[in-house]
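J.: Here you go, sequence then predicted model.
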Amino acid sequence: MDYLKNPIFNKRQILFLSNFDIEKIKQRIANFRERAQKGMPDIELVNELTAIFGDQFQFRTEQRSYTTGTKFFRARPIPNDEKEIPLKTISKVGDAWEPPRTFVKIQGRLNAAGQSILYCCANDPDLAIDEARGRKNNHVAVIVYRSTRPIQVAVLGDYSNSNLAKDELSQVFYSFLDDEFSKFVSEGDEGIYTITRSIADTYFTYPEQDAWCYRSVQSPSKFNVAFLPERQSSCIALTGVMICDLKASTPGNLSVKFVVDFDKITGIARYHQIGSVEQKRVFPEIE
């Protein structure tokens, strides 16, 4: 994660401590996974999750910071039958942010049903397209934000590259959390996300935190960012939207057909041709 600044915590090593021995914890992990696979009510799952590692236990989290000016990307696939400009997918400023809560019918990796949070990828528009499952579409809207101040994140995983203590018990604890976040979840099995939501809420939420950083299932060597509910408005600003032709794009080189900004009063999307004065104002980096 070379685009992150050095961790913001002090470097004194704190081991994972528990009143359970390592074999008991391993057995409880196995039991928990077996029961979770069969399905458990939310409250029961949370109680069992917090009981895996002991009646009393102590650990630290990896906390890092994205610098001011970092670009964050989100993608929205454009239906292949949507051809008229302005596109229905991007017609107003609200389309460039997280979906309204009433549209969130199923839970996600970090959000409950009816809870809307903004999922992004830092400095990586191609990863954003992959996360949106956009490759099967001809065109995709790549939404661009920029951080307005340093963004503090709790890292869910990446234990081997962290500054956390590297003893056997710590390895068991953090590897369990990393494994849960890296699981592929098929459509229709979103109930499994109760585990990752509980992990984030139980172990990885602290004062002044802006977001979670977690491993991408689509590209396991990379990481996504999910902002805490309603937190994004205090730390990122919308730059605009790039309408990209995926058939003409290559990795690291998006073929941009239009750029979009939004009227500051009405919020209506304004589409601009590549090479126009407006395009150069919104996205001067596009040549």
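T.: The structure has been received and is ready for your questions.

J.: Which helix runs longest in the chain?
T.: Using DSSP state H to define each element, the chain has its longest helix at helix 22-38.

J.: Convert the C-alpha atoms of that helix to PDB, please.
T.: What follows is helix 22-38, C-alpha atoms only, in PDB (Å, rounded to 0.1, in the frame of the first residue of the first chain):
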ATOM      1  CA  ILE A  22      -4.100 -20.600  21.100                       C
ATOM      2  CA  GLU A  23      -5.600 -24.100  20.700                       C
ATOM      3  CA  LYS A  24      -8.800 -23.000  22.300                       C
ATOM      4  CA  ILE A  25      -9.000 -20.000  20.100                       C
ATOM      5  CA  LYS A  26      -8.400 -22.100  17.000                       C
ATOM      6  CA  GLN A  27     -11.200 -24.500  18.000                       C
ATOM      7  CA  ARG A  28     -13.600 -21.600  18.600                       C
ATOM      8  CA  ILE A  29     -12.800 -20.200  15.200                       C
ATOM      9  CA  ALA A  30     -13.600 -23.500  13.600                       C
ATOM     10  CA  ASN A  31     -16.800 -23.800  15.600                       C
ATOM     11  CA  PHE A  32     -17.800 -20.300  14.800                       C
ATOM     12  CA  ARG A  33     -17.300 -20.800  11.000                       C
ATOM     13  CA  GLU A  34     -19.300 -24.000  11.000                       C
ATOM     14  CA  ARG A  35     -22.200 -22.300  12.800                       C
ATOM     15  CA  ALA A  36     -22.000 -19.100  10.700                       C
ATOM     16  CA  GLN A  37     -22.200 -21.100   7.500                       C
ATOM     17  CA  LYS A  38     -25.500 -22.600   8.700                       C
END
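
J.: change the start of the numbering to 552 and stick with it
T.: With 552 as the first residue, the last one maps to helix 573-589.

J.: Show me which residues of that helix are buried.
T.: By neighbour count on 16 or more other C-beta atoms under 10 Å, the buried set for helix 573-589 is I576, R579, I580, F583, A587. For glycine as for every other residue, the C-beta is placed from the backbone atoms N, C-alpha and C.

J.: need the contact list for the second one.
T.: The one in question is R579. F571, A602, I603, F604 (C-beta atoms under 8 Å, 6 or more residues apart in numbering).

J.: Could you pick out the buried ones from these?
T.: F571, I603, F604.

J.: okay, those in a markdown table with secondary structure, distance to G791 and pLDDT next?
T.: Formatted as a markdown table, the buried ones among the contacts of R579 follow (DSSP: H, G, I helix; E, B strand; the rest coil; distance: C-beta to C-beta, whole Å; pLDDT from 0 to 100):
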| residue | secondary structure | distance to G791 | pLDDT |
| --- | --- | --- | --- |
| F571 | coil | 52 | 91 |
| I603 | coil | 45 | 91 |
| F604 | coil | 45 | 88 |
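
J.: Export the residues you listed as a markdown table, with columns for distance to S667.
T.: Shown next, in a markdown table, are these (distance: C-beta to C-beta, whole Å):
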| residue | distance to S667 |
| --- | --- |
| F571 | 37 |
| I603 | 30 |
| F604 | 31 |
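
J.: Could you tell me how many residues sit around the residue nearest to A692 when sequence neighbours are not counted?
T.: Using C-beta to C-beta, 6 or more residues apart in numbering and skipping the chain neighbours, the partner closest in space to A692 is R627 (4.5 Å). Number of residues near R627 (other C-beta atoms under 10 Å) recorded here: 20.

J.: Would you confirm that R627 contacts H690?
T.: No. Using C-beta atoms under 8 Å as the test, R627 is too far from H690 to be in contact (10.1 Å).

J.: Follow the chain on from the longest helix of the chain and name the next helix or strand.
T.: helix 593-602 (DSSP states H and E).

J.: Need the contact partners of that following helix.
T.: Contacts for helix 593-602 (C-beta under 8 Å, 6+ apart): R579, F583, R586, A587, M591, T745, I746, S749, I750, T753.
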